[in-house]
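Chemist: I need the structure of the sequence given here:
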Amino acid sequence: MTNKFMNNGEDKVFANKIEKISDFEFNQNVASVFDDMVSRSIPNYHEIHKIIIDLTRRFYKSGKVFDLGCSTGTTMLLMADHFRQNDRPLPEFIGVDTSKPMLEKASQKLNAHGLQNNVELKEESITETKIEDAGMVIMNYTLQFLPMEERLEVIKNIYNGLNENGCFILAEKIICQDEQIDNLLIDLYYDFKRRNGYSEMEISQKREALENVLKPLTPQQQMKMLNDAGFEKSEMIFRWYNFSCYLCIK
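Modeler: Next comes the predicted model:
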């Protein structure tokens with residue numbers, strides 16, 4: 001299932017044999033099929049967006065909305081659509097990503113839906129982004145790509161920049177403390193990818209490409225990091241095997 005803000009290019013990035021697999025990058029090839037890639041690769045990707053909209057309705061009062069790792073802009077488009085449908089003023093959206101091709105795709109989509117004056121796109125690392133006057137901060141499957149030593153400071157920056165009673169929504173891939181259970185969940189996840197039409201070669205090659213760049217934490221490690229950053233109110237609110245979503249309230 002997709003939504004009206006997602007492009008239809010089919011993900012074939014790893015469909016052919018690659019002799020030497022490089023580390024995964026959010027380059028032009030990925031950006032052109034990213035919406036299809038995440039729909040078929042991230043379990044309950046659209047459900048996470050529904051959760052974000054539900055939380056927007058209940059938590060957002062005022063201030064900027066930051067989407068850190070905004071990719072092709074789908075989350076901001078869905079949030080803007082919610083505000084429009086409910087006759088609420090559009091907030092100022094700040095979309096941040098290091099990938100120029102992703103931001104170009106986001107700009108095209110945002111402009112097509114009349115949001116060019118409501119969204120500021122920044123090509124920079126989220127380690128450099130200044131968070132201020134934030135009513136909500138969203139980070140979907142982005143923190144996992146940062147070096148471990150940078151993650152706590154990023155979350156502290158988010159906490160410090162949030163308005164009182166503002167919320168931070170974090171979606172991440174996770175690992176389990178027990179190796180046997182972790183291996184089982186990985187196998188079940190690959191079953192999910194097979195059901196969505198990925199071949200054994202595509203699964204294997206993408207796994208190798210991500211091996212050095214995507215470093216997940218256990219839920220226990222993630223919760224400790226959120227607490228250490230200042231979030232006394234934080235909870236995992238969704239989990240599917242080795243994917244999760246956390247809600248943090250300032």
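Chemist: For residue 165, give me phi and psi.
Modeler: Phi and psi for residue 165, reported as degrees, to the nearest 10, are phi 70, psi 10.
Chemist: Run through the bridge partners of residue 64.
Modeler: Going by DSSP bridges, residue 64 is paired in beta bridges with residue 134.
Chemist: Run a quick neighbour tally on it.
Modeler: By the measure other C-beta atoms under 10 Å, the count of residues near residue 64 is 19. Heads up, the C-betas are built off the backbone N, CA and C, glycines and all.
Chemist: residue contacts, residue 162?
Modeler: Each residue near residue 162 by C-beta atoms under 8 Å, 6 or more residues apart in numbering is listed here: 131, 134-135, 137, 168, 250.
Chemist: what about the strands in the protein?
Modeler: Per DSSP state E, the chain carries strands over the ranges 64-68, 93-97, 119-123, 134-140, 162-173, 233-240, 243-249.
Chemist: Now render the ones you listed as TSV, adding mean pLDDT.
Modeler: Output for the strands of the chain, formatted as TSV (pLDDT from 0 to 100):
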stretch	mean pLDDT
strand 64-68	98
strand 93-97	98
strand 119-123	97
strand 134-140	98
strand 162-173	97
strand 233-240	97
strand 243-249	98
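Chemist: possible to save those strands as JSON lines with distance to residue 46?
Modeler: What follows is those, written out as JSON lines (distance: least, C-beta to C-beta, whole Å):
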{"stretch": "strand 64-68", "distance to residue 46": "16"}
{"stretch": "strand 93-97", "distance to residue 46": "19"}
{"stretch": "strand 119-123", "distance to residue 46": "21"}
{"stretch": "strand 134-140", "distance to residue 46": "12"}
{"stretch": "strand 162-173", "distance to residue 46": "12"}
{"stretch": "strand 233-240", "distance to residue 46": "12"}
{"stretch": "strand 243-249", "distance to residue 46": "13"}
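Chemist: on that earlier part again, just among the contacts of residue 162, which is most surrounded?
Modeler: Within the contacts of residue 162, residue 137 tops the neighbour count with 28 neighbours, counted by other C-beta under 10 Å.
Chemist: Residue 160 is in contact with that residue, correct?
Modeler: No. At 11.0 Å, residue 137 does not count as touching residue 160 under the criterion of C-beta atoms under 8 Å.
Chemist: what is in contact with those two at once?
Modeler: Any residue near both residue 137 and residue 160 by C-beta under 8 Å, 6+ apart counts here, and that gives residue 131.
Chemist: re earlier: what's the closest of the contacts of residue 162 to residue 25?
Modeler: Of all these, the one with the least separation from residue 25 (C-beta to C-beta) is residue 137, at 24.8 Å.
Chemist: All set now, cheers.
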